[in-house]
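>>> Build me a structure from this.
(2 chains)
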Amino acid sequence: MSAAPAAASIAREWQRFTPRQRLTRYAFYLFAVAALMQSLRSVEIIPEFLEDMPEQVADLFTRMWPIDWNYYPTTVHAALVETLHIATLGTILSLALAFPVGIMAARNIVRWPAVQLFAKFILVSSRSVNSLVWALLFVAVFGPGALAGTLAIAFRSIGFVGKLLGEALEEAHRGPVEALTAAGAPPASVFLKAYWPQVQPSFWSIALFRLDINIRESAVLGLVGAGGIGTALDDALSLLYWDQVAMTLLTIFAVVIVAEIAVTYIRSRIL
Amino acid sequence: MSAASRRNPFPVNWPARVAWVALAAYTVYAASLFQLTWTRFLTGIDNGAKFLDRMFPPLLGKWDLLWVGMSESVEIALIASALGVVLSVPVGLLAARNLMPGWVTWLARGLIALCRSFHPMIVAILFVKSVGFGALAGIMALVVSSIGFIAKLFAEAIEEISLKQVEAVRATGAGFANVLIMGVIPQVLARFIGFATYQIDSNLRNSTMVGIVGGGGIGATLFTAFQRFDYDFVLTILITIIALIMVGEIVSGWMRRTFQ
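Predicted coordinates for the structure are as follows:
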């Protein structure tokens, strides 16, 4: 080694990223800025509407203000109960449907790649269709009402529950499984006594987490005719009874907050 | 044989069993409320078959309608994500309890809770009333939900940082801005990018839906096609939306790998 290269390497400027990494980053910045500029140029925004906003918001609140408390006992209460049933029943149904899919997706239980691919396909397609779209599809099949909403919630949740359940099963320890297999236990017993006790806490935690999300989502399904409190909201909106809209929104707000607190509390107890 | 060896290794867990029965009873009760009967199921299957029959083959004629709607959805998602990410940074910093005085964090936390508690569709309805039909209402609704998600997780991430580095930077006599830039941001940047890319995906999904309530984008076209029973066009729109979401996930995955 001559002295010159060593001196050069000491004097060399240190950089955090390789040239390739830097190039990718700059390419990304360029891409993002270009996409944003193009969007801002072509999106149709009417500036007059934006100027009008404070006035409209003031108008919204004056129309909302004396909240129509009477709307709660006459309409909102029944719709709220229906929403809660949609969310709970939809979650239960999705757990039942996602259980086999989750098992199929777990690489340590099912060893056939074809089955895993099939499970992955179910999980991805369930997640990429929005719950409102699922609701529209089921309204077309079963007619408007809570049944369509329940199925929409259930089908939308399969992807979420199945994916997390599959991951929980993959993390299960081999020890109990091998012990039971060595004792000659049939596959059903191995699952029930080796895998299930290990995944049970995460299973209930996933279920509660999804229930919390589903309570939020089931509140809007009524906008496309799938039952629940969204129906009361949609009726009040189309009649422009903003005081009734305010009552419905207040109810949704209260339920979402209560559900979140309850779910957080229960999760902290079981985990 | 001793008593211990004869003991059942898997004793019956009575509370759990009662809970399962209660769950089953609730399921039956709730299903009966929704008139989920066998005949209704069969009619539904029949309807479903007709529905699928009308969906296939997907309609390929209305390209310009599809293009206008989809490009507006993408524009809504991009602008809302950019604004949402930029606005989440100050809101998240203000909500972090280890950096800010108590009353500031309570204000910021209240704002975040308000942004989080309503579904983007409901927020979109309120913005449609405030700024009229069109993309602007959709953008504002998605900005609100982005702040609710990113700022909340960002604040939680900041609260988990190690304060040693912050103290070290402060000991050099750095001002507050320098403490943030050199002490706090490097510790949370990777997680922030994770939340932001997740929210970009989520915004892309929701931007295809806000049109149902008048917030601009493909949702309006989709809902109209449903109401006019143009199920073949519905299928075309759905396939395009799913393709768009998958492309979005690939791009955001690329973004996450580049920046983490």
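>>> what about the residue in the stretch 1-150 of chain B positioned nearest to chain A, distance to residue A:183?
Taking Cβ to the nearest Cβ, chain A has its nearest neighbour within the stretch 1-150 of chain B at residue B:75, 3.9 Å off. Any C-beta I mention is one placed from the backbone N, CA and C, and that applies to glycine too. Distance, residue B:75 to residue A:183, by Cβ to Cβ, to the nearest Å: 62 Å.
>>> ok, these two, which is more surrounded?
A count of neighbours by other Cβ atoms under 10 Å in any protein chain shown puts residue B:75 above the other of residue B:75 and residue A:183, at 26 against 9.
>>> need the strands for the stretch 1-150 of chain A, in chain order.
With strands called from DSSP state E, counting those that start in this stretch, the stretch 1-150 of chain A shows none.
>>> tell me, how many neighbours does the nearest residue to residue A:245 once chain neighbours are set aside end up with?
Nearest residue to residue A:245, sequence neighbours excluded (Cβ to Cβ, 6 or more residues apart in numbering or on different chains): residue A:236, at 4.6 Å. Number of residues near residue A:236 (other Cβ under 10 Å) recorded here: 22.
>>> wait, isn't residue A:236 in contact with residue A:244?
Yes. Residue A:236 lies in contact with residue A:244 (Cβ atoms under 8 Å); the separation is 3.8 Å.
>>> Show me whatever sits in contact with both of those two.
residue A:71 (Cβ atoms under 8 Å, 6 or more residues apart in numbering or on different chains).
>>> on that earlier part again, what sits against the residue of the stretch 1-150 of chain B closest to chain A?
Counted by Cβ under 8 Å, 6+ apart, residue B:75 has contacts A:39, A:42, A:43, B:135.
>>> Export the strand or helix carrying residue A:189 to CSV, keeping only CA atoms.
Using DSSP states H and E, residue A:189 maps to helix A:187-190. Output of helix A:187-190 as CSV, limited to C-alpha atoms (Å, rounded to 0.1, in the frame of the first residue of the first chain):
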residue,chain,number,x,y,z
PRO,A,187,-54.6,-33.3,14.0
ALA,A,188,-57.8,-31.8,15.5
SER,A,189,-56.5,-32.4,19.1
VAL,A,190,-53.1,-30.9,18.2
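>>> So what's the residue count around residue 78?
The chain I'm using is chain A. 13.
>>> right idea, wrong chain: chain B
Neighbours of residue B:78 using other Cβ under 10 Å come to 23.
>>> In terms of helices and strands, where is it?
helix B:63-95.
>>> next helix or strand past that helix?
Trace forward from helix B:63-95 with DSSP H and E and the next one is helix B:102-117.
>>> ranking the contacts of residue B:75 by neighbours, who comes first?
Result: residue B:135 is most packed of the contacts of residue B:75 (other Cβ under 10 Å), 26 neighbours.
>>> OK, contacts around the closest residue to it other than its chain neighbours?
For residue B:135, ignoring the flanking residues on the chain, the nearest one in space by Cβ to Cβ, 6+ apart is residue B:216 at 3.6 Å. Going by Cβ under 8 Å, 6+ apart, residue B:216 touches A:44, B:72, B:73, B:76, B:133, B:134, B:135, B:136, B:137, B:138, B:139, B:210.
>>> Relative to residue B:107, which of those is nearest.
residue B:139 (24.5 Å; Cβ to Cβ).
>>> Count residues in the vicinity of the closest residue to the closest one other than its chain neighbours, would you?
Among residues not flanking residue B:139 along the chain, residue B:80 sits closest, at 4.7 Å (Cβ to Cβ, 6+ apart). Neighbour count for residue B:80, taken as other Cβ under 10 Å: 29.
>>> Equivalent analysis for residue A:200, please.
Residue A:200, neighbours per other Cβ under 10 Å, totals 13.
>>> Show the pLDDT at it.
Model confidence at residue A:200, given as pLDDT, is 87.
>>> The helix or strand that contains it vs chain B: in contact?
For residue A:200, the element it lies in under DSSP H and E is helix A:196-218. Yes. Helix A:196-218 comes into contact with chain B (Cβ under 8 Å from any Cβ of the partner chain), by way of A:216, A:217.
>>> And for stretch A:41-60?
Yes. Applying Cβ under 8 Å from any Cβ, one finds stretch A:41-60 touching chain B at A:42, A:43, A:44, A:45, A:46, A:49, A:50, A:52, A:53, A:56, A:57, A:60.
>>> Can you give the contact residues for that stretch?
So stretch A:41-60 is contacted by A:242, B:71-72, B:75-76, B:79, B:126, B:129-132, B:134-136, B:139, B:216 (Cβ under 8 Å, 6+ apart).
>>> and it, which residues are buried?
Neighbour counts using 16 or more other Cβ atoms under 10 Å in any protein chain shown place A:43, A:45, A:49, A:60 of stretch A:41-60 among the buried residues.
>>> Poorly predicted segments of the chain, please.
Assuming you mean chain A. Along chain A, segments meeting pLDDT under 70 span A:1-11, A:271.
>>> I was thinking of chain B, sorry if that wasn't clear
Flagging of chain B using pLDDT under 70 yields the residue ranges B:1-6, B:36.
>>> Quick check: the residue most central in space within chain B vs chain A, distance?
Centrality entry for chain B: nearest residue to the mean C-alpha point is residue B:202, 4.5 Å, by Cα atoms, centre = their mean. For residue B:202, the distance to chain A equals 10 Å [Cβ to the nearest Cβ, to the nearest Å].
>>> residues near residue B:102, how many?
Neighbours of residue B:102 using other Cβ under 10 Å come to 8.
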